[in-house]
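Student: Need coordinates for the below:
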Amino acid sequence: MLSSLPLDAIPPTVKIFTTLQNYYLFLGTAAGVIVGVYMVYQIAKNRERSGRPVPAYHHEEGDWGNWKNVVLLLCVTGSVLAFVEYQTFASANLVAIPDPPNSLQVGVVGRQFSWSFTYANGYTNFQNLTVPLNTIVVLNITSADVTHGFYIPALDVAKDAQPGIYSQLWFNATQPGTFTIECRQLCGVGHALMISKLVVETSSAYNAWYSKLPAAPPAKGGA
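Tutor: Now for the predicted structure:
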């Protein structure tokens, strides 16, 4: 799925995965067309016709037949596969969760039928996920009841939220604004209403917002 952001604001991960998808689609289609056209050509050329000698039912020992054309077709399809596989493995590092020193870590809990976002200082917001612009954001996602699907359509990133399991998802928002967070796993009668907002602000605006957050209440039994 393509991001709904302008082309100059699409996150780099989305650009790379979309490019890979296009490589597989276009080059795979081209290779299939070449092989298909060649097959139809050979069928038409060697079809049975009156007056034509009947071909032998087997080849003599050492007769390789029309091996050059077979090798040519294998080279075409093999080249396509080698190219797209190289590009795929070159992008494999995008699957890993980055951990730069200035990344933002946020805990995300899904429940019927809302999302909650907990920051490093212990503050929890039940409406919005607020993040700074051009910053790696790592989400630690889980569920308090049933399986949910954390999904930001504009950034084309998603992760299942499963009870008792913590999963990580990361993104880097390169466009300020307010975007929708949805649940994409059918989780009950209020599934369609399980919507929150992703608020992307400049670093200065985010720092000003974060500095005004109320302190988290001390844990029971603490000093």
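
Student: Disregarding residues adjacent in the polypeptide, which is nearest to P163?
Tutor: Using C-beta to C-beta, 6 or more residues apart in numbering and skipping residues adjacent in sequence, the residue nearest P163 is S143, 4.5 Å away. (Glycine included, C-beta is placed from N, CA and C.)

Student: So that neighbour versus G188, what's the distance?
Tutor: Taking C-beta to C-beta, to the nearest Å as the measure, S143 falls 12 Å from G188.

Student: Tell me which other helices or strands the helix or strand bottoming out on mean pLDDT in the chain touches.
Tutor: Ranked by mean pLDDT, DSSP states H and E, the helix or strand of the chain with the weakest confidence is helix 67-90, at a mean of 78. Counting contacts by 3 or more C-beta pairs under 8 Å, 6 or more residues apart in numbering; DSSP states H and E, helix 67-90 is packed against helix 12-45.

Student: beta partners of N128?
Tutor: Under DSSP bridges, the beta-bridge partners of N128 are K197.

Student: Can you give me the neighbour number for it?
Tutor: When neighbours are defined as other C-beta atoms under 10 Å, N128 has 14 of them.

Student: List the residues that contact it.
Tutor: By C-beta atoms under 8 Å, 6 or more residues apart in numbering, the contact set of N128 is F117, S196, K197, L198, V199.

Student: and the chain, what are its domains?
Tutor: 7-50+64-94, 104-211 (automatic domain parsing).

Student: okay, those domains, which one's buried deepest?
Tutor: For the domains of the chain, the largest average neighbour count (mean count of other C-beta atoms under 10 Å) is found in domain 104-211, namely a mean of 17.
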